[in-house]
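A.B. asks: Just to be clear, the model below is a prediction. Sequence and coordinates:
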Amino acid sequence: FAAGVMLAATVFSLLLPSIDNSKKQGASTTSAVLQTIIFLFVGGFALWLINEFIPHEHFGKGHEGGTQDTRKLRKIWLFVIAIAIHNFPEGLSVGVANGTGEFGVGLGATLGIGLQNIPEGLSVAVALHSQGYSKKYAFGISALTGLVEIFGGAVGGSVILLSSHVLPWALAFAGGAMLFIVSDEIIPETHRKGFENGATFSLFIGFGLMMFLDAVFAQ
């Protein structure tokens with residue numbers, strides 16, 4: 001469900017507004033689309049680098065990133081780092097989307113990302129509890145990792161305040177980061193242990209709901 005919301009937010013709240021804002025700044029349709037594609041790739045590549053070099057742990061995929069020495073870190077902190085890597089692009093996208101000045105785009109992104117944080121936070125807490133941590137500890141960690149999104153939102157909003165000319169690029173960059181997280185992390189984590197069909201239909205529901213929210217609030 002969270003993956004579906006993030007996919008729809010990537011398209012309707014980030015990439016399409018990126019193209020529209022490039023055109024408003026005088027770019028041709030072809031130039032606007034190409035700029036969006038370039039920074040979409042830049043955003044995805046940036047998240048790939050973070051994923052490649054920062055040590056973290058996934059509940060399904062196991063250890064990723066860093067060197068062999070980083071495996072000595074407590075597994076709980078590696079889980080926290082992985083969640084933070086997920087949440088930062090989400091906060092960044094909300095900050096940038098609200099920087100467009102278009103109420104519908106900003107509100108749609110905020111509602112959508114906030115909505116998908118519910119199942120995402122729940123899954124984190126349940127997974128931590130299944131690893132032997134207490135319910136209170138699992139709840140506290142999952143709640144604290146959500147604070148990363150506030151930081152991401154502040155970064156995204158600050159970039160737009162510094163220069164409105166980078167808005168189209170920032171939107172596309174955030175879209176690329178979100179797309180990488182969905183494809184490389186969330187979908188593989190959900191498509192395991194025989195839950196592929198449930199995960200796929202849940203993705204459709206999340207995508208449809210986010211598309212509805214974006215279309216309604218954009219009016």
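C.D. replies: Done, it's in.
A.B. asks: CA atoms for contacts and neighbours, from now on please.
C.D. replies: Noted.
A.B. asks: pLDDT weak spots in the chain?
C.D. replies: 55-79, 218-219 (pLDDT under 70).
A.B. asks: which stretches of it form helices?
C.D. replies: 2-8, 16-24, 29-53, 75-98, 103-130, 135-145, 147-162, 167-181, 187-190, 196-217 (DSSP state H).
A.B. asks: hmm, who's touching the third one?
C.D. replies: The contact list for helix 29-53 (C-alpha atoms under 8 Å, 6 or more residues apart in numbering) reads 15, 18-20, 22-23, 64-67, 85, 168-170, 172-181.
A.B. asks: Name the stretch among the helices of the chain that sits most buried.
C.D. replies: helix 167-181 (a mean of 28; mean count of other C-alpha atoms under 10 Å).
A.B. asks: quick one, what contacts residue 169?
C.D. replies: 18, 35-36, 39.
A.B. asks: Residue 89 now?
C.D. replies: Contacts of residue 89 (C-alpha under 8 Å, 6+ apart): 149, 152, 174, 177-178.
A.B. asks: what do you get if the cut-off is 7 Å, keeping everything else the same?
C.D. replies: 152, 174, 177-178 (C-alpha atoms under 7 Å, 6 or more residues apart in numbering).
A.B. asks: Residue 97: which of these is nearest?
C.D. replies: Proximity of these to residue 97 was ranked by C-alpha to C-alpha; the top entry is residue 174 with 9.2 Å.
A.B. asks: ok, the nearest residue to that closest one once chain neighbours are set aside to residue 217 distance?
C.D. replies: Distances taken as C-alpha to C-alpha, 6 or more residues apart in numbering place residue 93 nearest to residue 174, at 5.2 Å, with adjacent residues excluded. As judged by C-alpha to C-alpha, to the nearest Å, residue 93 and residue 217 stand 17 Å apart.
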